[in-house]
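In: return a 3D structure for these sequence lines:
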Amino acid sequence: QVQLVESGGGLVQTGGSLRLSCAPTGRTFSRDVMGWFRQAPGKEREFVAGIRWSDGRTYYSDSVKGRFTISSEAAKNTVYLQMNSLKPEDTAVYYCAGRGLYGRNQAGDYDYWGQGTQVTVSS
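Out: Numbering: from 1, shown residues only. Model (predicted):
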């Protein structure tokens, strides 16, 4: 069974940086688009960033555009989320997910999910 495993979360001060990683385990994993979502306590899970394997096209939510960068490394089948200029409102559990080519960047269209990694930004 395929699992997505995130790593790289932690505690950081406002203005700091973190890099999250996501890689699948188990049998061969193939999804056209990989994304990062986050969920803060009491809030809905929200899309953060996505990347299309075929051509590297990226997608970002307005709240992270210019601060976060999603990238991929095909040889390692790994997706990264570089988070800079972190703010306390970025505090959440961050999830890696995968979907097919014709879905949208909303949680319901992603069908593979990781367990999440906690990111906490202190003020």
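
In: element containing the spatially most central residue of the chain, please.
Out: Residue closest to the average C-alpha location in the chain (CA atoms, centre = their mean): residue 36, at 2.1 Å. Assigned by DSSP states H and E, residue 36 belongs to strand 33-39.

In: just the mean pLDDT for that strand, thanks.
Out: Computed over strand 33-39, the mean pLDDT rounds to 97.

In: what does it contact?
Out: Strand 33-39 is contacted from outside by 20, 22, 45-53, 59, 70, 72, 79, 81, 90, 92-101, 103, 105, 107, 110, 116, 119, using CB atoms under 8 Å, 6 or more residues apart in numbering. C-beta: built from backbone N, CA, C; applies to glycine.

In: surely residue 88 meets residue 40?
Out: No. Using CB atoms under 8 Å, residue 88 is not in contact with residue 40; the gap is 10.3 Å.

In: comparing these two, which residue is more hemmed in?
Out: The neighbour comparison of residue 88 against residue 40 (other CB atoms under 10 Å) goes to residue 40, with 14 against 11.

In: contacts only, for the more buried one.
Out: Neighbouring residues of residue 40 by CB under 8 Å, 6+ apart: 89, 91, 92, 93.
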